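Peer 1: how would this look folded up:
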Amino acid sequence: MAGILAFDTSNYTTSAAYLDAKTGRGANVSRLLPVRQGELGLRQSDAVFAHVKALPEITAQLMAQEEREAPRIFAASTRPRAKAGSYMPCFLVGEGTARAMASAQGADFYAFSHQQGHIAAAVFSSGRTELMEKPFLAWHLSGGTTELLFVRPDREEIVTEEIVGGTTDISAGQLIDRAGVLLGMGFPAGKSLAAMADAEPSDERYGLRVKDCRFSLSGMENQVKALYEKTAPPAAIANFVINTVARAIMRATEQALERWPGLPVLCSGGVASNERIRRVMRNTYDAAFARPELSTDNAMGVAILAAIRSEGKIPEWTLL
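Peer 2: Numbers count the residues shown, from 1 in each chain. I've put the predicted structure just below:
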């Protein structure tokens, strides 16, 4: 099989990936969208413009890293979820580019969702390819999403996801970013907030109510603002946020496993790269995680799905 070139143009990151589907060897290049200090993201019109500028540059960087065959398969994430009505304008940049390149070369084009890409990147980079053949639970933990999914293999979509838990309002990533920006950090703030918490670790957390695998984080945001106004130490606030998020994820997972005993647990998305969350989920539920570089938004998962779609089967390789 010839090489696969895939794009993911999410609300936070421009990504391009190349995959040799014979060997599982490949590479992903990503660039965060530019966000001004003190701001919490971009309007969709600004995100689209940033992707249009960045995608040609990172694609050239990707293809120049080493000698690669010209791709004969193109793919892109075209929507946030594989559901009717799921739409976000920024994904049009990657989709339009991949479709145009495929048309120009008479090549195949495959469309997947951003969420499906995260799941595939986590499955293959964790070496747990057997998960693609049976149901499992998966967390999608990112800047805009905190969802617990019941995932099934599917002949057409490869995987289908049903939301069975998560937040009822703001996401864990939004809470972390808002707390970090409040403390003067740049956006996204996940790595900076984690470093601050790890420098002076503590067990402080907020007692969130988790029911039927669901929880609310908006009240937690109010608690963070109150601590900030009371001039609580920044490290205490950082620990308060991360410990609370980790505990909520654990409790929701526990409740899901009461409903589906024995199902494997997978964690994907940028928030899942947090080492504290990784440690508690691995120790408690033997959860599988994407490699940190493929936890954040990336196009590699989309390339993997394109390889499966093209071959009509799950490859025997793990992502190298």
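Peer 1: Which positions in stretch 251-260 come out as buried?
Peer 2: 251, 252, 253, 255, 256 (16 or more other Cβ atoms under 10 Å). Where C-beta positions appear, they are placed from N, C-alpha and C, glycine not excepted.
Peer 1: Going C-terminal from the helix or strand where the last one lies, what's the next secondary structure element?
Peer 2: Using DSSP states H and E, residue 256 falls within helix 234-259. For helix 234-259, the succeeding helix or strand toward the C-terminus, using DSSP H and E, is strand 265-268.
Peer 1: What distance do you get for residue 95 to residue 74?
Peer 2: With distances taken as Cβ to Cβ, to the nearest Å, residue 95 is found 10 Å from residue 74.
Peer 1: The two: who's more crowded?
Peer 2: It is residue 74, of residue 95 and residue 74, that has more neighbours when counted by other Cβ atoms under 10 Å, with 25 against 20.
Peer 1: ok, that one touching residue 3?
Peer 2: No - using Cβ atoms under 8 Å, residue 74 is not in contact with residue 3; the gap is 10.0 Å.
Peer 1: burial measure for residue 272, as a count.
Peer 2: Applying other Cβ under 10 Å, we find 25 residues neighbouring residue 272.
Peer 1: A helix includes it, no?
Peer 2: Yes - in this structure, residue 272 lies within a helix as judged by DSSP: H, G, I helix; E, B strand; the rest coil.
Peer 1: can you pull the contacts of it?
Peer 2: Neighbouring residues of residue 272 by Cβ atoms under 8 Å, 6 or more residues apart in numbering: 122, 139, 141, 278, 289, 290, 295.
Peer 1: among these, who's most crowded?
Peer 2: For those, neighbours were counted using other Cβ under 10 Å, and residue 139 has the most, 31 neighbours in all.
Peer 1: Does that residue fall in a helix, a strand, or a coil region?
Peer 2: What three-state DSSP gives for residue 139 is strand.
Peer 1: Let me see the contact set for residue 266.
Peer 2: So residue 266 contacts 119, 122-123, 126, 128, 131, 136-139, 151, 287-289 (Cβ under 8 Å, 6+ apart).
Peer 1: rerun that using 10 Å as the cut-off
Peer 2: Residues counted as contacts of residue 266 (Cβ atoms under 10 Å, 6 or more residues apart in numbering) are 118-119, 122-123, 126, 128, 131, 136-140, 149, 151, 272, 281, 287-290.
Peer 1: Check residue 31 too.
Peer 2: 13, 14, 15, 16, 50, 51, 53, 54, 55, 57, 58, 61.
Peer 1: Using PDB, write out every CA atom in the strand or helix carrying the third one.
Peer 2: I take that to be residue 15. Per DSSP H and E, residue 15 falls inside strand 13-20. Only the C-alpha atoms of strand 13-20 are listed here, as PDB (Å, rounded to 0.1, in the frame of the first residue of the first chain):
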ATOM      1  CA  THR A  13      -4.200  22.700  16.400                       C
ATOM      2  CA  THR A  14      -3.200  22.300  12.800                       C
ATOM      3  CA  SER A  15      -1.900  18.700  12.100                       C
ATOM      4  CA  ALA A  16      -0.600  16.700   9.200                       C
ATOM      5  CA  ALA A  17       0.400  13.000   9.300                       C
ATOM      6  CA  TYR A  18       2.100  10.600   6.900                       C
ATOM      7  CA  LEU A  19       1.700   6.900   7.400                       C
ATOM      8  CA  ASP A  20       3.300   4.000   5.600                       C
END
